[in-house]
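Trainee: pasting the sequence and the predicted coordinates here, then a few questions.
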Amino acid sequence: MIAKTCAALALVGSAAAFSTPTLMSLQAGRREVVQTAAAGAAIAPFIAGSPAVASMDKGATAPVVTIFDHRGCSRQPKEYTGPKSGDQDDSMLVKAQSLKITVSEATAAKLLQENLSSMFGK
């Protein structure tokens, strides 16, 4: 939803950037009125029915990057199952996942209290 809002604002900003004669002369000609109406019609679907929300999306995921470096290790790498290249790159791997990070309510409350006390000295 934020991406749609940003795209809509960028569209309005670009339309405003190209309509400088309107700002300079303070007279709205036919062309400026049509440009403004087109910009408004273009962003209307994006902002219609989008209430202001200040809550966190608890279903969100975070990127988790794991780096495997088996150079000089006796353990055979089992994480990569594709074709081998025949050089030292066979012993290295970067794995990227998108995982849901879960934290207990008690841990979150403790972290919040620590942050607030360090920011406000209470």
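Mentor: Arrived safely, thanks for sending. Numbers count the residues shown, from 1 in each chain.

Trainee: can you count the residues close to residue 40?
Mentor: 13 (other Cβ atoms under 10 Å). Backbone N, C-alpha and C define where each C-beta goes, glycine included.

Trainee: now the strands for this protein?
Mentor: 62-69, 92-99 (DSSP state E).

Trainee: tell me the mean pLDDT over the first one?
Mentor: Mean pLDDT, taken over the full extent of strand 62-69, equals 89.

Trainee: in this protein, which helix or strand is least confident?
Mentor: Sorted by mean pLDDT, DSSP states H and E, the helices and strands of the chain end with helix 20-25, the least confident at a mean of 51.

Trainee: quick one, which of the strands of the chain is nearest to residue 108?
Mentor: Between residue 108 and these, the tightest spacing by Cβ to Cβ is seen for strand 62-69, at 14.7 Å.

Trainee: pretty sure residue 65 contacts residue 93?
Mentor: No - in this structure residue 65 lies outside contact range of residue 93 using Cβ atoms under 8 Å: 11.1 Å.

Trainee: neighbour count for the two, which is higher?
Mentor: Counted by other Cβ under 10 Å, residue 65 and residue 93 do not tie: residue 93 has more neighbours, with 15 against 8.

Trainee: tally of neighbours for the closest residue in space to that one that isn't next to it in sequence?
Mentor: Distance criterion Cβ to Cβ, 6 or more residues apart in numbering; nearest residue to residue 93, sequence neighbours excluded, is residue 68 at 4.2 Å. Counted with other Cβ under 10 Å, residues neighbouring residue 68 total 14.
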